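Colleague: Please find the sequence and the predicted model below.
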Amino acid sequence: MPKVIIKIKNIKKKYRLGTIGGGTLKGDIQSWISVKLGKEDPNAMIDDTDGKKKKEFWALKGINIEISEGERVGIIGTNGAGKSTLLKLLSRVTAPTEGEIYIKGRITSMLEIGTGFHGELTGRENIYLNGSILGMKKEEIDQKIEDIIKFSECEQFIDTPVKRYSSGMYVKLAFAVAAHLNSEIMIMDEVLAVGDMAFQQKCLDKMSEVSKNEGKTILYVSHNMGTIRRLCDRCLVLEKGNIVFDGDVEKAIQRYLKIESVMKVENVIDDSMRDRVLDNDMTLRVRLIGIDLIGQDNNYIEAGDKFKFRATFKCEEDIEKVFFRCIISKLDGIAAGTAMSQAVENCKKNDVKEIVFEFDSSQIAPGQYSMKVILFKPNYNGAHEKYDAVANALAFEVIATKGQFFNYAWPSSGWGSTSYPMLRVVE
Amino acid sequence: MQNEKVQSEWDIIVKSKTGLFDLKLKEIYQYKDLIWLFVKRNYSTRYKQMILGPAWIIITPLFTILTYSIVFGGIAGLSTDGIPKPLFYLAGTIIWGFFSSGVISNSNTFTNNAGLFGKIYFPRMVVPLSTMITLFFDFCVQFFLMLLLLAFYAYRGINIVWNWTVIFLPLYLLQIGLLAMGVGIIVSSLTTKYRDLGVLINFGLQIWMYASPVIYSITLIPQRYRQWFMFNPVTPVILAFKYSFLGIGEISYGFWGISWIITLLTLFGAIILFNQVEKNFMDTV
């Protein structure tokens, strides 16, 4: 039974919304006098619900967690779920409104990398300054300085003021300091989001290594599921200030993606989705009724997987052949690619047909997409009859959580939207 | 018994409320390296990209005493109790300078370090302490300048009588340092909410200076007002400093004692306020 080293008991944190305290001494004195005289506070905030004076926001609504030695805990949640507040309380930057946190051992927080760096000081001086701010003693830094410099890959510039550093070097140096701390508990808030890919990799490896070899406990907040998966062995999902899941990383990620999902799995087509101007040549002899993703309860598609969707359509007349054309577009409307279907034959008048298609997503790069579905019939002379065209018939997101892309977020603006097959080594 | 066991089991306990007067001296001691690094940082960043660099520590008071000698000594003709004007003004200026720069530097503690305080925990008291140490070194340099000036006048044959009370110098400095820190911390704690004070403090210090015998001799104050004047906690220290090193006036131990009491009360108040503010100031700053 491993030792519990962090015990969080019923932690709550309240923030006041709006401008705090009127901001000036005059405002506060004015409010105070008015309240004393039994009048209405002139600086009270307007609240249309029940006339209460202060609008409050509970960032955390009673969190209870126990974390044992050596655990690597990932914390995920949508923006505003309370992740950063929790880390701030743990790192004692701000105090809780209610509840207690018990911590055993030294705790180091990297809420933002390179805090306390001073631009005018050299890299070496900043290692000492930053290390001391993070709680290291001078002798400890003396011992480790060579390792830190080596890890940071900044040997050449170590005696140059850091204001002349590139942002990448800055981050590397800062991370190097943090990674060499002697504390038992490390708290990180998306610190790996910066730095180049190789360095991200190196940092993750270093974190895993110190956690496994030295039994350090790590709390890590990220939106990057890939790094969570690699680093953590336990995962918390926060939603609106509550813990909604605690346990296995895979299940936590599934849970989180469900919260995130605003895209529908089942889509009923209505007439407003047809663009009469752009697609004014629709004959509507066949009408699309619905597009549903099947076999999954969210719209996240793992990169490289095949997914199935069901198209439901109705024929207004006897139709011999119907073909489908699916145009996959980025959310900014730029087409990423198009897939054609095989023919669906023999549709009688007033038939409602359900066809299940399989889509191989292996060439779609990670990102969010929407699909425009066009039902048509090619003619032999090269023209075709367009039965129906529905924009945004289906929206989905391709995600790479299994590390095909080295845990690197696919930068669609630079890399495009197509992921060609892996280059094979042939010789 | 049970309670004792719980306390020893955990190293850090984060609670919504802490003790009113929790100095965390042990923790500050653990961060002593950081205090020195902040002092070093203060120095190495203060004079970056300046041609004269640290020479400014001496140039500033020299300019000040030149101005005072012309305006107050020359034009206004205020008495300096028979002491050469530059020496008289320098003695007042360096001790007042230590106080006023202490107040001003500390009054920005929270607002200037919001970025740092908002991201990392360390005992916040480290910042005002390192500020005062930095200023203490400035004072030492300026004090050396005063000794040089004393030696110069002694060489010129002007008789200035020191006395044994020079051994009180550490006490003078400690008191001025604590008082400056206290006032500065109170201002900085309040400026997290009320930014007005940040502006007021410069003006307030100017008035305070004229209410203290920095540029004039206490003998100019009519006898019947003088005791009220002495309740200004800075006044007895400046007078005692001038008595010890320039041999003018006297040390009134009674008022000096009162001034110590005011100093300590201010400091206690400051620490209580500081402890209240430091926990949550990130939410209001």
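Modeller: Nice, I can see it.
Colleague: Can you pull up the most central residue in chain A?
Modeller: A:H223 (3.0 Å; Cα atoms, centre = their mean).
Colleague: B:S188: neighbour count?
Modeller: When neighbours are defined as other Cβ atoms under 10 Å in any protein chain shown, B:S188 has 29 of them. Quick note: C-beta positions are derived from backbone N, CA and C, even for glycine.
Colleague: Which secondary structure state is assigned to it?
Modeller: helix (DSSP: H, G, I helix; E, B strand; the rest coil).
Colleague: List the contacts of it.
Modeller: With contact taken as Cβ atoms under 8 Å, 6 or more residues apart in numbering or on different chains, B:S188 is in contact with B:106-111, B:128.
Colleague: What is the lengthiest strand in chain A packed up against?
Modeller: Looking across chain A with DSSP state E, the single longest strand is strand A:384-399. Under the contact definition 3 or more Cβ pairs under 8 Å, 6 or more residues apart in numbering or on different chains; DSSP states H and E, strand A:384-399 sits against strand A:286-294, strand A:300-302, strand A:306-315, strand A:367-378.
Colleague: Looking at the ones you listed, which is nearest to chain B?
Modeller: Of all those, strand A:367-378 sits nearest to chain B, with 31.8 Å by Cβ to the nearest Cβ.
Colleague: what residues does the closest one touch?
Modeller: A:279, A:286, A:288, A:291, A:311, A:313, A:319-331, A:336, A:384-398, A:410, A:412, A:417.
Colleague: re the thing from before, wait, which of the contacts of B:S188 is closest to B:G204?
Modeller: B:S107 (10.1 Å; Cβ to Cβ).
Colleague: show me what contacts the closest one?
Modeller: Per Cβ under 8 Å, 6+ apart, neighbours of B:S107: B:184, B:187-188, B:191, B:197-198, B:201.
Colleague: give me that answer again for 6 Å
Modeller: B:184, B:187-188, B:201 (Cβ atoms under 6 Å, 6 or more residues apart in numbering or on different chains).
Colleague: Which residue, neighbours along the chain excluded, lies closest to it?
Modeller: Of all residues not flanking B:S107 in the chain, B:V187 sits nearest, at 3.9 Å (Cβ to Cβ, 6 or more residues apart in numbering or on different chains).
Colleague: swap in B:G73?
Modeller: Nearest to B:G73 is B:K85, by Cβ to Cβ, 6+ apart, at 4.1 Å.
Colleague: Tell me how far the one you found lies from chain A.
Modeller: From B:K85 across to chain A, the span is 38 Å (Cβ to the nearest Cβ, to the nearest Å).
Colleague: For that residue, the count of nearby residues, please.
Modeller: 17.
Colleague: Ok, A:R72 next?
Modeller: 23.
Colleague: Buried members of the contacts of B:S188 into PyMOL, please.
Modeller: Per 16 or more other Cβ atoms under 10 Å in any protein chain shown, the buried members of the contacts of B:S188 correspond to this PyMOL selection:
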select buried, chain B and resi 106+107+108+109+110+128
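Colleague: Need the max-distance pair from the contacts of B:S188.
Modeller: Every pair of the contacts of B:S188 checked by Cβ to Cβ; the farthest is B:T111 and B:P128, at 13.3 Å.
Colleague: sorry, back to before: which of the contacts of B:S107 sit farthest apart?
Modeller: Taking Cβ to Cβ as the measure, those have their most distant pair in B:S188 and B:I201, spaced 9.4 Å apart.
Colleague: Among the contacts of strand A:367-378, name the buried ones.
Modeller: Neighbour counting with 16+ other Cβ under 10 Å marks A:286, A:288, A:291, A:311, A:313, A:319, A:322-330, A:336, A:386-391, A:393-398, A:410, A:412, A:417 as buried within the contacts of strand A:367-378.
Colleague: what about A:N299, distance to A:A400?
Modeller: As judged by Cβ to Cβ, to the nearest Å, A:N299 and A:A400 stand 15 Å apart.
Colleague: and what of A:V265?
Modeller: 21 Å.
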